[in-house]
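My questions are about this predicted structure, shown below with the sequence.
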Amino acid sequence: MIEDKNPQRTDVSQLGEFGLIDHLTKQFDVKQKSTLKSIGDDAAVLDFGNKKTVISTDLLVEGVHFDLGYMPLKHLGYKAVVVNLSDIYAMNAKATQITVSIAVSNRFPLEALEELFDGIALAAKIYNVDVIGGDTTSSQKGLIISITAIGEANEEELVYRSGAQENDLLVVTGDIGSAYMGLQVLEREKQVFKVNPNNQPDLDAYTYLIERQLKPEARKDIKDLLASLDVKPTSMIDISDGLSSEIMHICKNSKVGCNLFEEKLPLDPQLINVCEEFNIDSTTIALSGGEDYELLFTIKLEDFDKIKANPNFTVIGHIVHENEGKHLITRANTKIALKARGWDSLKE
């Protein structure tokens, strides 16, 4: 396919704020019965009946949370939705609606925003959520995206960070650390490109890691899977800022300690290979890397038999009394104090 060297660029100012909203949101239709009023009024109206409403919001800022040097706008729109839905699933709730707000500088034409919203629309379709409103405004610098996710659950289904108890098992879904190493690969290739813009990166050996970074998926499936196994977590959190940080959150909110076993950490083979290539310790990446959007939860010891054969879950440790502290048990059976070294945007 021949690349169009002169793509169409429509100045957003031609549409105006409300014209832009109408243009970008015309592809969204209502799928949830609980959406009484969607886009087009002063506020959305939701009817959950006897269910509890769960709401979470996240802010993504260009230069802090994403780099458009290697993040396609369609992928960014998709990821922006997914990272917010992950928080709803971490409450053991069903995601139902989102609002989308953006601040954009005049360097973004209409076509760029269409790409962004195509990604948002794709995620909304795949995860079966309604886009029910939001806001648009100008930005003096770059792109800012704010998405609020709304969900529902029966009160007895909800799971908080504060329910872990002594002897509970620590369980994680999927594998961890891959998204962070995908970012390292992209950053390396960006630096190579700066030196030689004619260089075309060969990323075939890193496809899984890069996909985990650019197009993560939230674990919508876990709520129903656990219910089918007759297992209700005692606590739960999503892994967005690194495994060690998330474990510390559970321990702090539940007033407990933990033992985490290095040999149990679920690592993808591609992650291990690339860590060797970069001369980085894979355990460090698993503990401190972020943006995996897997779920970390605790279950009662007696529920172990229900999940032990399921490939979606890995038991990585257990909860202990608060006075015992929080530790990593290494492969050499050495006990090391666990520290929260996950990503913190305010310290970068």
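Perfect, thanks for sending it.

So L36 belongs to a strand, correct?
Yes: inclusion of L36 in a strand is indicated when DSSP: H, G, I helix; E, B strand; the rest coil is applied.

Would you mind measuring from it to V45?
Per Cβ to Cβ, to the nearest Å, L36 is found 4 Å from V45. From N, CA and C alone the C-beta is placed, and that goes for glycine too.

Same check on N312?
36 Å.

who's more crowded, the two?
Neighbours were counted for N312 and for V45 using other Cβ atoms under 10 Å; N312 has more, 16 against 11.

show me what contacts that one?
Contact analysis of N312 by Cβ atoms under 8 Å, 6 or more residues apart in numbering lists 173-174, 221-222, 225.

quick one: which two of the residues you listed are the most distant?
Within the contacts of N312, G174 and L225 form the most distant pair, 12.1 Å apart (Cβ to Cβ).

and these two? which has more neighbours close in?
More crowded of G174 and L225, by other Cβ under 10 Å: G174, with 20 against 16.

correct me, but the more buried one touches P266?
Yes: look at G174 against P266 with Cβ atoms under 8 Å: they come within range, at 6.9 Å.

Mind telling me what element L170 is part of?
strand 169-173 (DSSP states H and E).

name the helices or strands packed onto that strand?
strand 295-299, strand 313-320 (3 or more Cβ pairs under 8 Å, 6 or more residues apart in numbering; DSSP states H and E).

what's next to the first one, contact-wise?
By Cβ under 8 Å, 6+ apart, the residues outside strand 295-299 that reach it are 86, 89-90, 159, 163-165, 168-173, 219, 222, 231, 233-239, 243, 246-247, 250, 307, 319.

Filter those down to the ones in strands?
For the contacts of strand 295-299, the ones inside strands are 169-173, 235-238, 319, with DSSP state E as the criterion.

so which of the residues you listed would you say is closest to E291?
D238 (10.3 Å).

For D130, see how far away the closest one is.
21 Å.

what does Y78 give?
With Cβ to Cβ as the criterion, Y78 and D130 are 16 Å apart.

In the stretch 201-348 of the chain, where is pLDDT below threshold?
341-348 (pLDDT under 70).

how about the strands of the stretch 51-200 of the chain, start to end?
Using DSSP state E, counting those that start in this stretch, the strands of the stretch 51-200 of the chain run over residues 52-61, 94-104, 130-138, 143-153, 169-173.

Columns mean pLDDT, distance to K300 and mean neighbour count on top of those strands, output as JSON lines?
Formatted as JSON lines, the strands of the stretch 51-200 of the chain follow (pLDDT from 0 to 100; distance: least, Cβ to Cβ, whole Å; neighbours: other Cβ atoms under 10 Å):
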{"stretch": "strand 52-61", "mean pLDDT": "92", "distance to K300": "23", "mean neighbour count": "16"}
{"stretch": "strand 94-104", "mean pLDDT": "96", "distance to K300": "23", "mean neighbour count": "23"}
{"stretch": "strand 130-138", "mean pLDDT": "93", "distance to K300": "35", "mean neighbour count": "19"}
{"stretch": "strand 143-153", "mean pLDDT": "95", "distance to K300": "20", "mean neighbour count": "22"}
{"stretch": "strand 169-173", "mean pLDDT": "98", "distance to K300": "8", "mean neighbour count": "24"}
